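Participant: missing the sequence, but the structure's below:
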Ligand SMILES: [Zn+2]
């Protein structure tokens, strides 16, 4: 099946990239991604995936758009304040690219729904703003063998890691335990720079498309850290931890468990490995 005239026009500037071409474009149109969180990270991820023609995009977010979201959550507009984020996201993404399917899910990822939900998608993108969801997404991806793109942002910087189960480190290999409740400030307490969320979210979209098309070198075993005020990136080598509770040699986590007892916090963990 070829591309329509309109598709050739819409995707022309990426079709001429030899790494993508018609075959890569068809592959993208046949691919699916689940974006967890339609917030500061989920916004750029979803916009770039929709624009690139990833054929099916699921957006899961239980919250409504608020005015304080808009400086970084570029999916949403002032007119969408009060609307469910998943619905606002669907409208915006379909306006950008009407030929893709956007599935809005106005709920949270839970231990009960994660595996069934993830089974519908080729890649999972974690743009969540809290540790329980982050660990849950990691564990569910490891247990089901799904690639996961992790991102986190706080203040002026952030980090990205691509998890390909059994090929490299998972999030838990790098950060074995969630920080104690209150140890890491959330977005509301710490503040976040909108453009930093844009940088990290865009890198996440870049990783998604690389994984979907098996292009280049994904950030497997490489935690990419962005320091926005200094204006530089650092790469921290990480590796699978044989003692990891979920992907180690003798895993203790064999099913998706909830971490709801942990107070929701946002952003990057301290200390990052290799932090100077
Ligand atoms: Zn692991």
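Facilitator: Everything's here; your move. Computed from a predicted model, the values in this text were never measured in an experiment.
Participant: Might you enumerate the residues of the chain proximal to the ion?
Facilitator: 170, 172, 173, 244, 247 (CB under 5 Å from the ion). From N, CA and C alone the C-beta is placed, and that goes for glycine too.
Participant: so what's the fourth one closest to, chain neighbours aside?
Facilitator: Okay, so that is residue 244. residue 173 (4.5 Å; CB to CB, 6 or more residues apart in numbering).
Participant: before we move on, the earlier item: who wins for neighbours among the residues of the chain next to the ion?
Facilitator: Each of these was scored by neighbours using other CB atoms under 10 Å; the highest score is residue 170's, at 26 neighbours.
Participant: is it true that it touches residue 162?
Facilitator: No - contact between residue 170 and residue 162 fails when scored by CB atoms under 8 Å: they sit 10.5 Å apart.
Participant: Now for the two: what residues contact both?
Facilitator: residue 148 (CB atoms under 8 Å, 6 or more residues apart in numbering).
Participant: that older thread, please list the members of the residues of the chain next to the ion that lie in helices.
Facilitator: Counting by DSSP state H, the part of the residues of the chain next to the ion found in helices is 172, 173.
Participant: ok, the residues of the chain next to the ion vs residue 131, which is closest?
Facilitator: residue 172 (11.4 Å; CB to CB).
Participant: can you pull the contacts of the closest one?
Facilitator: Here residue 172 is in contact with 135, 138, 139, 142, 241, 244, 245, 246, 247 (CB under 8 Å, 6+ apart).
Participant: Present those as TSV; the columns should include pLDDT.
Facilitator: TSV is the format used below for the contacts of residue 172 (pLDDT from 0 to 100):
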residue	pLDDT
135	96
138	98
139	97
142	98
241	97
244	97
245	96
246	97
247	97
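Participant: Looking at those residues, which are in strands?
Facilitator: Using DSSP state E, no member of the contacts of residue 172 falls in strands.
Participant: Output the lowest mean pLDDT helix or strand found in the protein.
Facilitator: The weakest-scoring helix or strand in the chain, judged by mean pLDDT, DSSP states H and E, is helix 187-190 (a mean of 69).
Participant: Can you name every helix or strand that the next helix or strand along the chain from it contacts?
Facilitator: Later in the chain than helix 187-190, the nearest helix or strand by DSSP states H and E is helix 194-213. On a contact count with 3 or more CB pairs under 8 Å, 6 or more residues apart in numbering; DSSP states H and E, helix 194-213 meets helix 21-29, helix 42-52, strand 123-126, strand 148-154, strand 157-163, strand 222-227.
Participant: Looking at those, spot the one closest to residue 97.
Facilitator: Nearest to residue 97, of the helices and strands packed on helix 194-213 and by CB to CB, is helix 42-52 at 4.7 Å.
Participant: Need the pLDDT of residue 275.
Facilitator: Among the per-residue scores, residue 275 holds a pLDDT of 31.
Participant: Under the pLDDT cut-off, which ranges of the stretch 101-250 of the chain? List them.
Facilitator: 182, 184-188 (pLDDT under 70).
Participant: Residue 241 and residue 175 touch, don't they?
Facilitator: No - contact criterion CB under 8 Å: residue 241 and residue 175 do not qualify, at 10.3 Å.
Participant: Pick out whichever of those two has more residues nearby.
Facilitator: residue 175 (22 against 17).
Participant: What distance do you get for that one to residue 70?
Facilitator: 30 Å (CB to CB, to the nearest Å).
Participant: With residue 37 instead?
Facilitator: Residue 37 is 15 Å from residue 70, by CB to CB.
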